[in-house]
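A.B. asks: Sharing a model prediction with you, sequence too.
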Amino acid sequence: MNLEDLRVFTEVAKEANITKAAVRLNFVQSNVTAKIKRLEKIYNTKLFYRHKHGVDLTSSGKVLLNYAEQVLQLMGDAEKTLKNSSVPQGTLSIGSMETTTATRLPGILSTYHEQYPQVELSLQTGTTEELIKAALNRKIEGAFVAGEVNHPELEKINVFEEELVLVTKESVLSSTSFEQLKNQTFIVFKSGCFYRDTFEKWLGSKGIRTPKVMELNTLDGVIGCVKAGLGISLLPRSVVDNLNQSKNIKPFTLPQEYGVIPTSFINHKDIVKTQAFSKFVFHIESTVSLRSSLNA
C-alpha cells in the first residue's frame, strides 16, 4: 500500500464512480481498479459495492475512508511544514461569505498579493455554517464568517462589523410595518447563512412566523431579484451603498440587536501555520488596527 493508493481510494469514494474518479485523476480506469483491488487484498475485505450506476462504500470502506482522510491530511501538513520557508509561497486557501467577498475582500486580498506575489490565493465562498465546518475539518486554512463564533477548536480575530439593512425596490415598501411585510416574498441565501437566520428572527419579532421565501445561491441573484421588485432582502449596508447608484433601491434600518453583525476571521487552532498563512493573519490584524486608529 502507498499514499497514491489511498488518494485513489478517497477519490473513488468521493465520486462514487470509478470512471469519474479516473478522469479526475487523469488515470486509465484499469489503473484505478487495480489500486482498489490491491487495497482490498491488503485488508482482506471488500471496500466497495459495485452496481451499474457506480460504487458505494461498504462498512469496511467507510472505516478505511475515515483513516485515509486523516493520513492524507497529516502528510499534507508534513509537506507544508517541511517545505515552509522564510518567503511566503505555496497555496493559501481562504473561505468567505458572498457579501464579504464582494465588498471587503478585494482590498484585503489585493494588498496581500502585492506584498507576497508568490502565494497562490484560493478563495471558497459559502454560508457561515459551511465555512465553519470547512475550517473545523481543515479543508480551508481560514474563513471570514458572521456572528459570534465560540468553538474550542477555533481561533478568531474580530475583523469588522456589518450594518444590515432591509432592501426593497423603491416602490415596494414605505415602512416595515406588519401590514406591509406580511405578504412580501423574502429573498434569502440558502440555509446556514447567518444573515438569513438574522432575517428570520427579525421577521419573527414582527409577527411573521412562516414567511414566503425565494432561496438563491448568489449575491448577484439576490440583488437582481430585489431590483426587479420580486421581493425584499437583508443585506450589509456596504453592499447597499453600491446599489444606491441605481436610484431605485430603498434601504430600511433595523433595530440594533438585529442590524449590527460582527464578522470574524477564524481558523483551526491546529492548522499548519505556514508563512503564507501567518503573514495573512498579520495583514488582517494590521488592517483592523489601522481602521481602529482612524476611527478613534
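C.D. replies: Happy to help now that I have it.

A.B. asks: part of a strand, is T10?
C.D. replies: No. With DSSP: H, G, I helix; E, B strand; the rest coil as the criterion, T10 is assigned helix and is not in a strand.

A.B. asks: burial count for it?
C.D. replies: 17 (other CB atoms under 10 Å). All C-beta atoms are positioned from the backbone trio N, CA, C, and that covers glycine.

A.B. asks: who are the neighbours in contact with it?
C.D. replies: Counting by CB atoms under 8 Å, 6 or more residues apart in numbering, T10 makes contact with 65, 68-69, 72.

A.B. asks: Of these, select the buried ones using a ChimeraX command.
C.D. replies: Buried members of the contacts of T10, defined by 16 or more other CB atoms under 10 Å, are picked up in ChimeraX with:
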select :65,68
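
A.B. asks: can you put the contacts of T10 in JSON lines and add pLDDT and secondary structure?
C.D. replies: Below are these laid out as JSON lines (pLDDT from 0 to 100; DSSP: H, G, I helix; E, B strand; the rest coil):
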{"residue": "L65", "pLDDT": "95", "secondary structure": "helix"}
{"residue": "A68", "pLDDT": "93", "secondary structure": "helix"}
{"residue": "E69", "pLDDT": "92", "secondary structure": "helix"}
{"residue": "L72", "pLDDT": "91", "secondary structure": "helix"}
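
A.B. asks: Helices of the stretch 1-150 of the chain, start to end?
C.D. replies: 3-15, 18-25, 29-43, 59-83, 98-103, 105-115, 128-136 (DSSP state H, counting those that start in this stretch).

A.B. asks: Quick check: S238 vs S191, distance?
C.D. replies: 24 Å (CB to CB, to the nearest Å).

A.B. asks: What of N217?
C.D. replies: With CB to CB as the criterion, N217 and S191 are 11 Å apart.

A.B. asks: The helices of the stretch 1-150 of the chain: which one's closest to E161?
C.D. replies: Nearest of the helices of the stretch 1-150 of the chain to E161, taken as CB to CB: helix 98-103 at 12.1 Å.
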